[in-house]
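**Student:** Sequence plus predicted model, see below.
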Amino acid sequence: MAIKEILLLGNKELYHISEECKFEELDYIKSVIQDLQDTIIGFQKTHGWGRAIAAPQIGVKKRLIYTYIDGKPTVYINPVLIFEDDEKMEVLDDCMSFPDILVDVMRYKRCRVESRNLNWELEVREFEGGMSELIQHEYDHLDGILAVQRARDNKSLKVRVK
């Protein structure tokens, strides 16, 4: 497909709540997934980092997350986050929609994700630590929430040093 433009901080489209994907849209969803893959690989080549992207970041208001870690793609269609406990951790969050900014946020240390795969089968995955943070960050995009909105306080923004 194609490398898509990543919407940047300040773009009002990033603040919309995404719609659920429907089974009847699976062919379209597959094309969006290809665009997400092309876009994240392009971003990684340019910036040297980036592990995940949500469909709203390329202007597609669908509940769809794509991770690409160590060359391994994973798709989360209509993910639902579940937190088993209240234990949180402090992390420096980064985002492809504001690549030069890091944000000090609190995230749940563990989470479970229920989502559909490309065969429309329900999958359940459990995450801890960095992967838990990553999934929560991308899930926020589906609800129109950016990490800057979750900053711990008004001194929690940092410029990424290259």
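**Tutor:** Perfect, I can see it now.

**Student:** Can you give the distance of the longest strand anywhere in the chain from its chain's centre?
**Tutor:** Longest strand of the chain, by residue count under DSSP state E: strand 72-82. Centre-to-centre, strand 72-82 and its host chain are 9 Å apart (Cα atoms, centre = their mean, to the nearest Å).

**Student:** swap in stretch 137-152?
**Tutor:** The answer for stretch 137-152 is 9 Å, by Cα atoms, centre = their mean.

**Student:** Equivalent analysis for stretch 34-49, please.
**Tutor:** Centre to centre, stretch against its chain (Cα atoms, centre = their mean), the figure for stretch 34-49 is 13 Å.

**Student:** Would you indicate which residues of that stretch are buried?
**Tutor:** 35-37, 39-40, 43 (16 or more other Cβ atoms under 10 Å). Placement of C-beta: from N, CA and C, glycine included.

**Student:** Tell me how far the residue lying closest to residue 94 once chain neighbours are set aside lies from residue 162.
**Tutor:** Once flanking residues are discounted, residue 94 sits nearest to residue 102: 5.5 Å by Cβ to Cβ, 6 or more residues apart in numbering. Remark: distance between residue 102 and residue 162 (Cβ to Cβ, to the nearest Å) = 12 Å.

**Student:** Compare these two and say which is more crowded by neighbours.
**Tutor:** residue 102 (19 against 6; other Cβ atoms under 10 Å).

**Student:** Could you measure from the residue at minimal distance from the centre of the chain over to residue 154?
**Tutor:** Among the residues of the chain, residue 138 comes closest to the average C-alpha position under Cα atoms, centre = their mean, at 2.2 Å. Separation of residue 138 from residue 154 (Cβ to Cβ): 25 Å.

**Student:** do the same with residue 34
**Tutor:** 40 Å.

**Student:** Run a quick neighbour tally on residue 92.
**Tutor:** Other residues close to residue 92 by other Cβ under 10 Å number 13.

**Student:** hang on, isn't it packed against residue 156?
**Tutor:** No: between residue 92 and residue 156 there is no contact under Cβ atoms under 8 Å: 9.1 Å.

**Student:** Need the overlap of contacts for these two.
**Tutor:** 103-104 (Cβ atoms under 8 Å, 6 or more residues apart in numbering).

**Student:** For the helix ranked longest in the chain, give me every contacting residue.
**Tutor:** For the chain, the helix reaching the highest residue count under DSSP state H is reported as helix 26-47. Identification of contacts with helix 26-47 by Cβ under 8 Å, 6+ apart yields 1-4, 6, 21, 50-53, 55, 58, 60, 62, 64, 66, 68, 73, 75, 77, 96, 99, 118, 120.
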